[in-house]
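# next one to model:
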Amino acid sequence: MELPQGDPLTVIQWLAKRRLLANSRECEVCHIPMSRVKKNGVDGFAWRCRICDTRVTIRRGSFLHDSHLKLSQMLVILHEWSMDQSQEDIARVARINQTQKVVDWSNFCRAVCRRFNDAVPQKLWRLTSRTSLNGSTTGEQCAPGVGCLVE
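Here you go, the predicted structure:
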């Protein structure tokens, strides 16, 4: 998977395309669509109402809302964590000097996955290898070690 790099707008668009950030936002005061505008700050953009001038962070309403890291760094953390990389490697690749931030995000990712796993009936999910327990190769559609729906 190719992760976007550099330009903050490219990262924002990549995240929005995957519904990790909102593609649009309605003003909570005027109830009209807000515009994405350039802004000084970690993300480089914010939502702005053209009527009342209300501004909100581009992260509002997403699980990325409370972080002070760059969106590109959080994207690297999520990707590397999903690839089971060590926290030290994640910190190096994401260019984060404070390993505790990576530890915190790793714990957060683990908690989200645990909540999802608890919410999905266990008979629907299993870990698979290239061949299922009964010898059929239906599991080949799934990457090894990834949860796959079974009937």
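# what does the lengthiest helix in the chain contact?
If you go by DSSP state H, the chain has its longest helix at helix 99-119. Helix 99-119 is contacted from outside by 63, 67, 69, 74, 77-78, 81-82, 87-88, 90-91, 94, 96, 125, 147, using CB atoms under 8 Å, 6 or more residues apart in numbering. (Each C-beta comes from the backbone N, C-alpha and C, glycine too.)
# starting at the chain centroid, how far to that helix?
Offset of helix 99-119 from its chain centre (CA atoms, centre = their mean, to the nearest Å): 12 Å.
# what does stretch 67-78 give?
9 Å.
# if you count neighbours, what's buried in the longest helix of the chain?
Residues of helix 99-119 classed as buried by neighbour count (16 or more other CB atoms under 10 Å): Lys101, Val102, Trp105, Ser106, Phe108.
# and those as TSV, adding pLDDT and distance to Pro33?
Formatted as TSV, the buried residues of helix 99-119 follow (pLDDT from 0 to 100; distance: CB to CB, whole Å):
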residue	pLDDT	distance to Pro33
Lys101	92	34
Val102	93	36
Trp105	91	31
Ser106	91	36
Phe108	89	31
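# domain ranges for this structure?
1-64, 67-119, 122-151 (automatic domain parsing).
# worst mean pLDDT among those domains?
Ranked by mean pLDDT, the domains of the chain bottom out at domain 122-151, with a mean of 49.
# report the separation between Thr54 and Arg114.
36 Å (CB to CB, to the nearest Å).
# swap in Val42?
From Val42 across to Arg114, the span is 28 Å (CB to CB).
# next: Val76.
Counting by CB to CB, the gap from Val76 to Arg114 is 22 Å.
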